[in-house]
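K.L.:
How does the following fold in three dimensions:
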Amino acid sequence: MWSDALVARFRVLAASAWLLSIVACSEAPSATHGTGQQVGLRPDATAVAVIERAASVLERASTVQYDVQRADGHPDGAGGKFKGRTTVVATLSPLRFSATLRDARGTIVQSAASDGATTTADDGTGSAQESPTYSGSAMVVMNNAVQDVAGTRTAVDASALRSALSRGHWLYVGDDDIDGTVCQVVLHTDSSDLGGSPALTTSYYWISKDDGLPRAAQRWMLVRGRTSLSSQFLISNVRLNPAAGPTGIERPVRPSSRVAPAAAPGDSASAGALRAGSSLPPLGVRDLSWAEKKLTDFSGQPTFITLWAPWCGPCVNEFEALRAILPGFPGLQVVAIAVKDSRANVLAFVKQRPEFRFTFLTDPDMQAALSPLYDAIAGRDGGIPAGVFVDRSGRIVKRVVGFDGRDALAAEIRSFMLRKP
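P.N.:
Residues are numbered from 1 along each chain as shown. The predicted structure follows:
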């Protein structure tokens, strides 16, 4: 999930690019919409450099394999969402691919494959269907697995990125964090004709500062005065020139017998928050270096676990109160888990506030709409700060929601620390 400030900045920049494109086209007769020509704006040098680097890295590959997750989850066909992952293997320029969507347990939910002309896809009903891979320049989306390919295909194709550099307008947005990787975010605004109506497409790309590979893609469209924002497609485990080649990709899809995805333990949004008397679950967390940990790794002594975010005023107020209260309770461990923000913002906050000497961790799904950790402690519809008191045996003693002031928090801690086992 993006911060409100980043979302606002994206929309302002996109709208600015659109207005500038209109002005440029009206003042430059030679500029055209949707013809692959520049519309008269000078490209942003930083954005171009970021994409050129990504293209240089990707052009080493004729085949690429990667995983796709969606920040807001995959639709389950029943009005809900689930944490899915699509593994894509694709040859590039021209595009041929296979895509397999699995649920949190690793069970295949949907699959698809294309030879470049025809796509065979199974939507989970047990029967495979065929369709042309493209309708004009757009991919025909037959199921979620195909949509994951469509949402990421330009981001992983060097030729497609370089082609995009020759048209529309590029802007550098800034840095952001994707699953612990610091990325440079750029946007590409291009105009075209969609069914006889002028359309604006703004594509966002998150490119890793470390290796130059794409880590996420998202699209914002304006058609007939209406806007739509796609899911944010998170890209991971990118492998250039994997062992699987075109022959494997062209094999027909075996229809899946599954209809709906199964939720893994702890993955259900309806499971609700932790309750007093239950054991602390071994949910995954990350430390500030993004190393994998388990929530249970921090049991063994009286502990207060609290969810927070750098933008959350009450959370910071709670930190101030804890700083004043803790000297009176030397045996209490405070574990502060950052949620609903980027790792970069969390690291900056911790660096700027060294007086808060807590055990700082981050939610591995901190930028996702679905988070088992958040749901367990705060509840899906709950807010922050939210926390739990855990005894030395790892049992939940009490949940607390919100911050009601220093005195109230001190009373909660005193009651917890003085209770008899």
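K.L.:
need the helices for the chain, in chain order.
P.N.:
4-27, 45-58, 144-150, 158-165, 246-250, 313-325, 343-352, 372-377, 406-418 (DSSP state H).
K.L.:
now the third one: mean pLDDT?
P.N.:
For helix 144-150, mean pLDDT is 92.
K.L.:
what's it in contact with?
P.N.:
The contact list for helix 144-150 (Cβ atoms under 8 Å, 6 or more residues apart in numbering) reads 68, 70, 74-75, 84, 86, 88, 90, 97, 99-101, 109-112, 119, 121, 138-141, 233. For the C-beta atoms, the positions are set from N, CA and C on the backbone; glycine is no exception.
K.L.:
Make a ChimeraX selection of the buried ones in the residues you listed.
P.N.:
Burial among the contacts of helix 144-150 is assessed by 16 or more other Cβ atoms under 10 Å; the matching ChimeraX selection reads:
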select :68,70,74,75,84,86,88,90,97,99,100,101,109,110,111,112,119,121,139,140,141,233
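K.L.:
surely Arg162 meets Ala55?
P.N.:
Yes - with contact defined as Cβ atoms under 8 Å, Arg162 reaches Ala55; the gap is 5.1 Å.
K.L.:
So which of these two has more stuff around it?
P.N.:
Ala55 (19 against 16; other Cβ atoms under 10 Å).
K.L.:
Next, find the distance separating that one from Leu240.
P.N.:
Distance of Ala55 to Leu240, given as Cβ to Cβ, to the nearest Å: 13 Å.
K.L.:
weakest of the helices of the chain by average pLDDT?
P.N.:
helix 246-250 (a mean of 38).
K.L.:
Sketch out the strands for the stretch 251-400 of the chain, chain order is fine.
P.N.:
For the stretch 251-400 of the chain, applying DSSP state E, counting those that start in this stretch gives strands covering 284-287, 292-294, 303-308, 333-338, 359-362, 386-390, 396-401.
K.L.:
close enough to count as contact, Pro372 and Pro364?
P.N.:
No - counting by Cβ under 8 Å, Pro372 does not reach Pro364; the two are 9.3 Å apart.
K.L.:
between these two, who's got more neighbours?
P.N.:
Pro372 (24 against 19).
K.L.:
sorry, back to before: output the strands of the stretch 251-400 of the chain in a markdown table; the columns should cover distance to Ala408.
P.N.:
Formatted as a markdown table, those follow (distance: least, Cβ to Cβ, whole Å):
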| stretch | distance to Ala408 |
| --- | --- |
| strand 284-287 | 27 |
| strand 292-294 | 30 |
| strand 303-308 | 14 |
| strand 333-338 | 16 |
| strand 359-362 | 23 |
| strand 386-390 | 13 |
| strand 396-401 | 9 |
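K.L.:
mind putting those strands in JSON lines, mean pLDDT included?
P.N.:
Shown next, in JSON lines, are these (pLDDT from 0 to 100):
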{"stretch": "strand 284-287", "mean pLDDT": "90"}
{"stretch": "strand 292-294", "mean pLDDT": "91"}
{"stretch": "strand 303-308", "mean pLDDT": "94"}
{"stretch": "strand 333-338", "mean pLDDT": "95"}
{"stretch": "strand 359-362", "mean pLDDT": "94"}
{"stretch": "strand 386-390", "mean pLDDT": "93"}
{"stretch": "strand 396-401", "mean pLDDT": "91"}
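K.L.:
okay, the helices of the chain, which one's buried deepest?
P.N.:
Neighbour counts (mean count of other Cβ atoms under 10 Å) averaged over each of the helices of the chain peak at helix 144-150, with a mean of 26.
K.L.:
which of the residues in stretch 389-408 are buried?
P.N.:
Quick answer for stretch 389-408 (16+ other Cβ under 10 Å): 389-391, 394, 396-401, 403.
K.L.:
how far does it sit from the chain's center?
P.N.:
Relative to the centre of its chain, stretch 389-408 is centred 30 Å away, using Cα atoms, centre = their mean, to the nearest Å.
K.L.:
contact partners of it?
P.N.:
With contact meaning Cβ under 8 Å, 6+ apart, stretch 389-408 is reached by 273-280, 296, 299-305, 314-315, 317-318, 320-321, 324-325, 377-378, 382-383, 385-388, 409, 412, 416, 419, 421.
K.L.:
for Gly277, what are its contacts?
P.N.:
With contacts defined as Cβ under 8 Å, 6+ apart, Gly277 is in contact with 395-396.
K.L.:
Low-confidence bits of the stretch 201-350 of the chain, can you list those?
P.N.:
Applying pLDDT under 70 to the stretch 201-350 of the chain flags residues 224-225, 244-273.
K.L.:
Quick check: beta-bridge partners of the closest residue to Arg343 other than its chain neighbours?
P.N.:
Nearest non-adjacent residue to Arg343, counting by Cβ to Cβ, 6 or more residues apart in numbering: Asp177, 4.2 Å away. Taking DSSP bridges as the rule, Asp177 bridges to Val182.
K.L.:
Test my guess that Asp177 contacts Ser342.
P.N.:
Yes - counting by Cβ under 8 Å, Asp177 does reach Ser342; the two are 3.6 Å apart.
K.L.:
residues shared between the contacts of these two?
P.N.:
With Cβ under 8 Å, 6+ apart, Asp177 and Ser342 have common neighbours Gln367.
K.L.:
more neighbours, those two?
P.N.:
Ser342 (25 against 21).
K.L.:
residues contacting the more buried one?
P.N.:
Going by Cβ under 8 Å, 6+ apart, Ser342 touches 3, 176-177, 366-367.
K.L.:
ok, which pair from these is furthest apart?
P.N.:
Asp176 and Met366 (12.3 Å; Cβ to Cβ).
K.L.:
the more surrounded of those two?
P.N.:
Counted by other Cβ under 10 Å, Asp176 and Met366 do not tie: Met366 has more neighbours, with 26 against 22.
K.L.:
right, and the more buried one touches Lys340 too?
P.N.:
Yes - under the criterion of Cβ under 8 Å, Met366 makes contact with Lys340 at 6.3 Å.
K.L.:
Distance-wise, check the nearest residue to Pro242 once chain neighbours are set aside relative to Ala243.
P.N.:
Nearest non-adjacent residue to Pro242, counting by Cβ to Cβ, 6+ apart: Gln65, 4.2 Å away. When Cβ to Cβ is the yardstick, Gln65 and Ala243 sit 9 Å from each other.
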